[in-house]
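1. What follows is a predicted structure for the sequence shown.
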Amino acid sequence: MFRLESVLQLKDEEAVRAMVRKHIVTLIKPLFIAMILIVAPFFFLFPLFSLGIAGVVIFGILIFAGAVWAFRALFLWDADVLILTNMRIIDVDQNGFFSRNVSEAALSAIQDASWSKKGFWQTLFRIGVIKIQTSGATAVLEIQDVGHPERIHELINETRQDAPKINANETPVEKDRRSRIRHIAALLEKADDSKVIEVETMLEKQARDKSVETLFSQTQQSMRSHQTAGSIVAKAKWPLFLMANLAVLLIVGVATVRESYRSWTLDGEIKNLESKAQALEGRKMQLSELADKMQEPSFVEKEARAKLDLQKPGEHVVVLEGMGATSTSWQVSVVATPPPASDTMSNPERWWHYFTDAN
């Protein structure tokens with residue numbers, strides 16, 4: 001995150017009065033885009049994973065792009081800052097990770113400071129623009145989208161009044177302090193006691209008033225420093241808190257993706273096994289029906305007649321003869337099946353007929 005030492009080296013007796021950043025509302029748009037890039041892939045988790053490795057790569061790229069976008073927005077917001085010290089004002093413009101422009105001007109060189117609000121949203125969120133006119137090389141310093149610009153403007157004017165002013169047209173006149181003190185002492189010697197006591201009382205009163213004024217100014221400056229430090233610490237804490245939340249969201253997202261991918265894979269395997277089980281169940285039913293049919297005598301008889309050309313003993317074959325398939329006149333002839341001839345030959349006669357081919 002932003003470090004003051006990277007852009008500013010404090011001089012002797014120089015102290016930071018305030019560090020002003022852009023309003024927090026300016027982070028809504030980039031963080032919203034980052035949230036869309038991070039959250040949107042979870043709504044298309046299964047369609048992306050159905051693409052295989054390409055879908056997983058696309059999912060990871062979107063998550064990484066969202067995280068980088070959020071980090072960039074926080075980095076630019078934290079590094080783009082206006083620094084006000086008791087001697088000068090520094091404007092740090094952070095345009096990217098590797099682009100930074102720093103402009104500064106002495107408080108004595110500030111000629112005019114103004115602020116403005118334009119539009120509904122700037123008025124609603126108290127956002128404005130501060131312009132500082134200087135007499136140096138940087139003619140105008142412009143700070144956009146700061147919160148409560150009227151307070152920043154008042155703080156700049158107060159710091160300008162407290163800063164030492166140098167008038168180039170004034171010629172310093174050296175005076176002999178010792179001679180003046182001796183002259184005053186000579187006058188007091190000639191004056192009566194009442195005048196001496198009156199001068200002494202006046203000098204003591206002036207010394208006391210100066211001491212009280214010095215103590216009051218130191219106390220007020222210390223309180224302002226504590227308030228400024230407190231505001232700086234408070235502003236520096238919440239980006240870290242937001243980054244921690246984004247890190248937690250990223251970790252939870254990765255864990256969710258892993259579990260979702262595992263669940264999606266298991267669901268695919270379960271559906272595949274269910275389809276196989278249904279196919280086996282259908283095959284089982286077909287085999288069961290076939291087994292039941294094979295137990296029926298009519299089915300066995302039908303298969304024996306159709307595939308083995310078998311017939312029952314004493315059964316006659318009926319042959320239908322006609323002129324054609326559409327003919328209505330048929331001639332029926334019954335062919336009697338001759339009874340099987342009785343075999344009265346002995347075994348030697350059968351062997352003789354086998355080798356001599358005798359009929």
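-> Thanks, I have the structure now. Numbers count the residues shown, from 1 in each chain.

2. Mind giving me the packing neighbours of the host helix or strand of Glu349?
-> Following DSSP states H and E, the helix or strand that holds Glu349 is helix 347-356. The helices and strands touching helix 347-356, judged by 3 or more Cβ pairs under 8 Å, 6 or more residues apart in numbering; DSSP states H and E, number zero. C-beta here means a position set from N, CA and C on the backbone, and glycine is covered the same way.

3. any low-confidence regions in the stretch 251-359 of the chain?
-> Judged against pLDDT under 70, the low-scoring parts of the stretch 251-359 of the chain cover residues 309, 314-344, 357-359.

4. which residue ranges form the helices in it?
-> Counting by DSSP state H, counting those that start in this stretch, the stretch 251-359 of the chain has these helices, from start to end: 297-308, 347-356.

5. Now tabulate those in CSV and tack on mean neighbour count and distance to Glu189.
-> Formatted as CSV, the helices of the stretch 251-359 of the chain follow (neighbours: other Cβ atoms under 10 Å; distance: least, Cβ to Cβ, whole Å):
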stretch, mean neighbour count, distance to Glu189
helix 297-308, 11, 154
helix 347-356, 10, 180
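
6. Between those, which one is closest to Lys205.
-> Across the helices of the stretch 251-359 of the chain, the minimum distance to Lys205, taken as Cβ to Cβ, is reached by helix 297-308, at 134.8 Å.

7. any idea how far the closest one is from the chain center?
-> Between the centre of helix 297-308 and the centre of its host chain there is 76 Å, according to Cα atoms, centre = their mean, to the nearest Å.

8. how about the closest residue to Arg100 other than its chain neighbours, phi and psi?
-> Spatial nearest neighbour of Arg100, chain neighbours left out: Gln94 (5.4 Å); criterion: Cβ to Cβ, 6 or more residues apart in numbering. Recorded main-chain torsions at Gln94 are phi -100, psi 110, according to degrees, to the nearest 10.

9. Can you get me a residue count around Gln94?
-> Using other Cβ atoms under 10 Å, Gln94 has 19 neighbouring residues.

10. Can you name the residues that contact it?
-> Listed by Cβ atoms under 8 Å, 6 or more residues apart in numbering, the contact partners of Gln94 are 75-76, 79-80, 100.

11. Go again with 10 Å.
-> For Gln94, the contacting residues are 2, 7, 75-81, 100-102, by Cβ atoms under 10 Å, 6 or more residues apart in numbering.
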